[in-house]
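Trainee: What follows is a predicted structure for the sequence shown.
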Amino acid sequence: MPGTTGDVRVERVAWDDADARVLRDEQQAELRARYGDDDVGHAMTGDGIVATVLVRLDDAPVACGVLRDVSAGLGAGTGEVKRMYVRPDARGRGLSRRVLAELEDAARAHGCTRLVLETGVLQPEAIGLYLAAGYRPVENYGEYVGVVDSRCFERDLAVAAPPPRGSRGAAGRRDAVDQVAERAVEHTEDPIQDHAVEHVAWRHPDAVTLRRAMLDELAPLYPEHAPGGPAASPLAEGRPTAPR
């Protein structure tokens with residue numbers, strides 16, 4: 001396990017780099033565990049890859065991300081962020097932000113003016129990261145059209161990134177998106193604390209409470225999935241959802 005502090009090195013490697021491939025496989029396994037099935041885009045190949053980013057902590061590979069040119073299908077100058085992943089024991093150090101920033105630099109160098117990406121409703125920490133980095137929700141694109149638990153985002157690379165967390169407007173107010181993003185990123189980026197991991201039943205009261213809290217945080221962004229909405233999520237119920 002990498003140390004709590006240590007030397008961080010951000011590298012660009014080949015798509016078929018052995019360490020990057022292992023991290024991508026771990027990312028897909030984690031998504032499979034969360035959603036109960038393979039991700040729609042799990043059969044990704046090296047076609048169109050512009051950059052593969054690998055982060056090492058004390059020489060150990062701990063994080064990755066990929067940039068793919070999707071201009072042919074989504075319009076000239078469009079790149080797609082894929083396979084964003086940080087190993088669990090390296091989370092809480094801001095490494096996902098470093099991967100994303102490196103991919104954005106690669107996109108600009110490649111001539112991209114717009115980035116798109118997809119994540120899911122069971123990944124509020126990822127949604128928070130992207131919102132805080134200046135990405136905005138858009139209609140599902142490409143292979144994700146009609147996938148109800150997918151959420152797609154885009155960023156105009158000509159627009160400056162948002163100010164650091166904690167900045168306030170003239171009236172001292174933040175909109176609902178900012179609030180959700182800030183809380184989610186804080187949950188992800190806080191230093192690792194002592195904790196216990198338990199396996200509990202789906203109907204365990206604490207698990208139900210936490211699922212409801214997650215839906216409450218996301219409600220300003222996706223009101224249709226809030227309790228009572230037209231596409232209310234079953235996650236708050238005391239029963240498991242069907243696998244996607």
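Mentor: Great, that's in hand.
Trainee: how long is stretch 117-124 from one end to the other?
Mentor: From its first residue to its last, stretch 117-124 covers 14 Å (CA to CA, to the nearest Å).
Trainee: Stretch 120-135 too?
Mentor: 15 Å.
Trainee: tell me the mean pLDDT for that stretch?
Mentor: The average pLDDT for stretch 120-135 rounds to 94.
Trainee: How far away from the center of its chain is it?
Mentor: Stretch 120-135 has its C-alpha centroid displaced from the chain centroid by 5 Å (CA atoms, centre = their mean, to the nearest Å).
Trainee: ok, the nearest residue to residue 133 once chain neighbours are set aside to residue 212 distance?
Mentor: Spatial nearest neighbour of residue 133, excluding adjacent residues (CB to CB, 6 or more residues apart in numbering): residue 100 at 5.9 Å. For glycine as for every other residue, the C-beta is placed from the backbone atoms N, C-alpha and C. From residue 100 across to residue 212, the span is 29 Å (CB to CB, to the nearest Å).
Trainee: ok, back up a step: for the residue nearest to residue 133, pull up the helix or strand it's in.
Mentor: helix 95-110 (DSSP states H and E).
Trainee: Tell me which other helices or strands that helix touches.
Mentor: strand 8-13, strand 49-57, strand 60-69, strand 78-86, strand 114-120, helix 124-132 (3 or more CB pairs under 8 Å, 6 or more residues apart in numbering; DSSP states H and E).
Trainee: Out of the helices and strands in the chain, which is least certain?
Mentor: Lowest on mean pLDDT, DSSP states H and E among the helices and strands of the chain sits helix 176-189, with a mean of 45.
Trainee: Let me know the angle separating the next helix or strand after that one from helix 124-132.
Mentor: Downstream of helix 176-189, the next assigned helix or strand under DSSP H and E is helix 205-218. Calculated by axes from the mean of the first three to the mean of the last three CA atoms, to 10 degrees, helix 205-218 forms an angle of 20 degrees with helix 124-132.
Trainee: What residues sit buried inside helix 205-218?
Mentor: By 16 or more other CB atoms under 10 Å, the buried positions in helix 205-218 come out as 208, 211, 214-215, 217-218.
Trainee: For it, list the C-alpha coordinates in CSV.
Mentor: Below are the C-alpha coordinates for helix 205-218, written out as CSV (Å, rounded to 0.1, in the frame of the first residue of the first chain):
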residue,chain,number,x,y,z
PRO,A,205,-31.4,0.8,8.3
ASP,A,206,-28.0,2.6,8.0
ALA,A,207,-27.6,1.4,4.4
VAL,A,208,-31.1,2.6,3.6
THR,A,209,-30.4,6.0,5.2
LEU,A,210,-27.2,6.5,3.3
ARG,A,211,-28.8,5.6,0.0
ARG,A,212,-31.6,8.1,0.6
ALA,A,213,-29.0,10.7,1.5
MET,A,214,-27.2,10.1,-1.8
LEU,A,215,-30.5,10.6,-3.7
ASP,A,216,-31.2,13.8,-1.7
GLU,A,217,-27.8,15.2,-2.7
LEU,A,218,-28.4,14.4,-6.4
